[in-house]
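Asker: sequence unknown, structure follows:
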């Protein structure tokens, strides 16, 4: 176990802190020792993942736990479709591991750079009307509590901790090992097409249940969207040519788009024109591929993001209000708006707890103003019963969040029991969960 002081910042560069000590444990016992050492020093301690959250959830001036070297072993039970991995493993590494055993996760978000624990703790989700967030795939977990105790939890063992820790913000313990339920490896057929926004909204009641996964991107200042549907198919018989993948996903979506964003930041009046061109630059395409490679794409253009989970029926009203907000801003928006769908789940602090959801994710290119934009939409979303994504920017506090989550008080009760002295707290958690 190594220990050094170090500065840290997240992927977007909008959050940073310098810890008094950075600890890199290799075993679960070393994690427990690190938690007790922080207590002895009178300091807090926070685990950090890959830094793909936009909030201040990982910040600390106390001790920081880097779990990249944590080795709890890997166990794959292909017959039972279970995999047990260290919490600091990245989703990319997990996807490769599963593929080698003929397995896959049932769903993924659109990037795979996060650690498994980080993705689960913030409620990371993909899109799929019959699927909840990634945390719904967890069947067991091991964590270290604020007193240094090691707990293994499942639906049958410490079920209240299990209900809290699957989306736990790192507030009830340090996740060290996770067991996930997988499925047989599968191929997806992706269909991407431009379309008029009004037509897509009118078709949503039939479009969403007709496909395994549906999402669309609205381009500000236009009435155009890019729709993507993913469906399971028996054979990978239409792979995307390498040149087309490079052209669309690498060159256009990253290199060219980055240049367009830089231009729009320098000359904001060009933003509507850039958005109109972007809406028509990606033409229709259909291809097949390994599930995780279809779900996840490279994201090299830096941005900040807010995302709200809403009751699915509220989507048209929320999107109409968002369009009015964008048109009325004193500055321009350079990034498209992403819309996705998930099923209800039973995880206490999941954005999808108890209801089918539509997600609206709004972005802004780094270096551009964003707070008035995000805060205006947050008011709309909150009034519609929205719940902010825990890994994305928001300004909610415990008083406003408690009514949005029926099990909020139950979560706080588990937190009080497992971290009575608030070893895992920071300013962000104090704001969203209370003292």
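Answerer: Everything's here; your move. These figures come from a predicted structure and were not determined experimentally. Residues are numbered from 1 along each chain as shown.
Asker: where does the stretch 101-250 of the chain dip in pLDDT?
Answerer: For the stretch 101-250 of the chain, the stretches flagged by pLDDT under 70 are 246-247.
Asker: all strands for it, in order.
Answerer: 103-104, 138-144, 150-154, 174-181, 183-184, 187-196, 213-218, 224-233 (DSSP state E, counting those that start in this stretch).
Asker: contact partners of stretch 32-48?
Answerer: 1, 8, 20-21, 23, 25, 58-60, 62-67, 87, 117-118, 144-150, 170, 174-175, 421-426 (Cβ atoms under 8 Å, 6 or more residues apart in numbering). C-betas here are computed from N, CA, C, even on glycine.
Asker: In ChimeraX, how would I select just the buried ones from those?
Answerer: To isolate the buried members of these in ChimeraX, using 16 or more other Cβ atoms under 10 Å:
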select :8,21,23,25,58,59,60,62,63,64,65,66,67,87,117,118,144,145,146,147,148,150,170,174,175,422,423,424,425,426
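Asker: Adding distance to residue 261, write the strands of the stretch 101-250 of the chain out as CSV.
Answerer: Formatted as CSV, those follow (distance: least, Cβ to Cβ, whole Å):
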stretch, distance to residue 261
strand 103-104, 33
strand 138-144, 36
strand 150-154, 43
strand 174-181, 35
strand 183-184, 37
strand 187-196, 20
strand 213-218, 15
strand 224-233, 17
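Asker: helix, strand or coil for residue 351?
Answerer: coil (DSSP: H, G, I helix; E, B strand; the rest coil).
Asker: on that earlier part again, mind checking which of the strands of the stretch 101-250 of the chain is nearest residue 387?
Answerer: Of all those, strand 213-218 sits nearest to residue 387, with 18.6 Å by Cβ to Cβ.
Asker: With respect to residue 269, which of the strands of the stretch 101-250 of the chain lies nearest?
Answerer: From the strands of the stretch 101-250 of the chain, taking Cβ to Cβ, the stretch that ends up closest is strand 224-233, at 19.9 Å.
Asker: buried stuff in the closest one?
Answerer: Within strand 224-233, judged by 16+ other Cβ under 10 Å, the buried ones are 224, 225, 226, 227, 228, 229, 230.
Asker: So what touches it?
Answerer: Under Cβ under 8 Å, 6+ apart, the answer for strand 224-233 is 186-197, 200, 207, 211-219, 276, 279-280, 282, 288, 294-295, 336.
Asker: buried subset of these?
Answerer: The buried subset of the contacts of strand 224-233 - by 16+ other Cβ under 10 Å - is 186-190, 192-194, 197, 200, 207, 211-219, 279, 282, 288, 294-295, 336.
Asker: List the contacts of the residue nearest to the spatial centre of the chain.
Answerer: Central residue of the chain (Cα atoms, centre = their mean): residue 124, 3.2 Å from the mean position. By Cβ under 8 Å, 6+ apart, the residues touching residue 124 are 109, 114, 118, 133, 134, 135, 391.
Asker: cool, residue 389 as well?
Answerer: By Cβ under 8 Å, 6+ apart, the contact list for residue 389 reads 122, 123, 306, 307, 308, 309, 351, 359, 361.
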